[in-house]
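*Asks:* Have a look at this fold, sequence not included:
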């Protein structure tokens, strides 16, 4: 669900002007992180037309419950989950979400093994977390106990206790996003592995408030925290990773004090990264970073759920400015960047090589577009 640059879109993937006032903004938001708000009757407020258009376009990208990558001819299970979670967040798409879940039940082995003899912890964790979020049993999803599989991928070494690791051959590609999905899924299942996995996850938050994407390269290192890493290397600030970790932790029932404090620090950091026009970049420390819909969408989604209404509305405004309008061929699709939006041909056709990027950007932007309607801030669907 990540998009690093206009040519890829993920491991991810996202305004005309900053709104001065919204119905739910407060002066205190400039001084301290907003507290998450409990869902109220406002949850029934009709969503903005832009959010509905994005949901319709995403739904149209599914074929028998899955997103098919036509360029490389494979079913993209991870992106299918992203689409389903975006639709779930907007509400009113339960039938489509369940169709995706049903399709994934028949693809557990293909997705979690990648065709190898082992398992990819990120895929197992993401699928288990998805199962929980859509109301399925992660201990019997498609006939597979995903919790048991996930527990088997948790390191028990003292120096890396709780770290998720791949058993698939080759380079271990486990990262902080998979760690976050795993923490949620294991906590929901009541697994004893939830505590060490969550503790290791929280160590991936730097003192500045962001969560890094990449784990310590050496799994035997004595200190595998974000602060022990290179701030210009593996511990570099990462907007997408931070937002995705927050979204996973917001699904945790009865979070600990440590988790709550981590969420507050992440919210404050995300707010600091937002430009005056509402946009965010994936890697704030990178040279010449480009504002993207993936990063702006994920951050706007998070800020809205946490009740930071002015910031969420500003992000939504920026996203709406790079969305194909109603009446056009690809109405509802959100471009990765302003350049990608302006490069869409007059025919309005999104060609196959570029379709993956548009899909990922839209999946991460769609929930944030809800905040064009201030009343949905802090009380929209999950």
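*Replies:* Sure thing, it's come through. A quick note: this is a predicted structure, and the numbers were derived from the prediction, not measured.

*Asks:* Setting the sequence-adjacent residues aside, check what's closest to residue 100.
*Replies:* residue 84 (4.0 Å; Cβ to Cβ, 6 or more residues apart in numbering). C-betas here are computed from N, CA, C, even on glycine.

*Asks:* residue contacts, residue 194?
*Replies:* By Cβ atoms under 8 Å, 6 or more residues apart in numbering, the contact set of residue 194 is 183, 186-187.

*Asks:* Include neighbour count and secondary structure when you put those residues into JSON lines, please.
*Replies:* Putting the contacts of residue 194 into JSON lines (neighbours: other Cβ atoms under 10 Å; DSSP: H, G, I helix; E, B strand; the rest coil) gives the following:
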{"residue": "183", "neighbour count": "30", "secondary structure": "helix"}
{"residue": "186", "neighbour count": "28", "secondary structure": "helix"}
{"residue": "187", "neighbour count": "25", "secondary structure": "helix"}
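
*Asks:* Could you tell me how far the longest helix seen in the chain lies from the centre of the chain?
*Replies:* Determined from DSSP state H, the single longest helix within the chain is helix 257-273. Taking the mean of its C-alpha atoms, helix 257-273 sits 16 Å from the chain's own mean (Cα atoms, centre = their mean, to the nearest Å).

*Asks:* ok, now stretch 328-336?
*Replies:* The answer for stretch 328-336 is 20 Å, by Cα atoms, centre = their mean.

*Asks:* who's in contact with it?
*Replies:* With Cβ under 8 Å, 6+ apart, stretch 328-336 has contacts from 3, 6, 9, 13-14, 50, 52-58, 292-294, 297, 319, 322-326, 341, 344, 347-350, 357-358, 360-362, 365-366, 369.

*Asks:* how about it: buried residues?
*Replies:* Under the neighbour-count criterion of 16 or more other Cβ atoms under 10 Å, stretch 328-336 has 330, 332-336 buried.

*Asks:* ok, now stretch 145-157?
*Replies:* Within stretch 145-157, the residues scored as buried using 16+ other Cβ under 10 Å are 145-147, 149-151, 153-155.

*Asks:* In helices, which of these appear?
*Replies:* 146-147, 149-151.

*Asks:* State the pair within the residues you listed that is farthest apart.
*Replies:* Maximum pairwise distance among these (Cβ to Cβ): 9.7 Å, between 146 and 151.

*Asks:* related to what we said a few turns ago, apply the buried test to the contacts of stretch 328-336 and list what passes.
*Replies:* The neighbour-count criterion (16+ other Cβ under 10 Å) marks 3, 6, 9, 13-14, 50, 52-55, 57-58, 292-294, 297, 319, 322-324, 341, 344, 350, 357-358, 360-362, 365-366, 369 among the contacts of stretch 328-336 as buried.

*Asks:* Restricted to helices, list the residues you listed.
*Replies:* When DSSP H defines the helices, the subset of those inside them is 50, 52-55, 57-58, 293-294, 297, 319, 341, 357-358, 360-362, 365.

*Asks:* hang on, the earlier thing: quick one: contacts of the longest helix of the chain?
*Replies:* The contact list for helix 257-273 (Cβ under 8 Å, 6+ apart) reads 29, 32-34, 36, 198, 202, 205, 208-211, 237, 239, 242-243, 245-246, 249-250, 252, 255, 280-281, 284, 299, 302-303, 306, 308, 311.

*Asks:* Can you show me the strands along this structure?
*Replies:* 62-63, 66-69, 74-76 (DSSP state E).

*Asks:* between the ones you listed, which gets nearest to residue 99?
*Replies:* strand 62-63 (7.3 Å).

*Asks:* Show me what that closest one is packed against.
*Replies:* helix 94-105 (3 or more Cβ pairs under 8 Å, 6 or more residues apart in numbering; DSSP states H and E).

*Asks:* Show me where this structure dips below the pLDDT cut-off.
*Replies:* For the chain, residues meeting the criterion pLDDT under 70 lie at 1-45, 379-382.

*Asks:* Now which of the contacts of helix 257-273 would you call buried?
*Replies:* For those, buried by 16+ other Cβ under 10 Å: 29, 33-34, 36, 198, 202, 205, 209-211, 237, 239, 242-243, 245-246, 249-250, 252, 255, 280-281, 284, 299, 302-303, 306, 308, 311.
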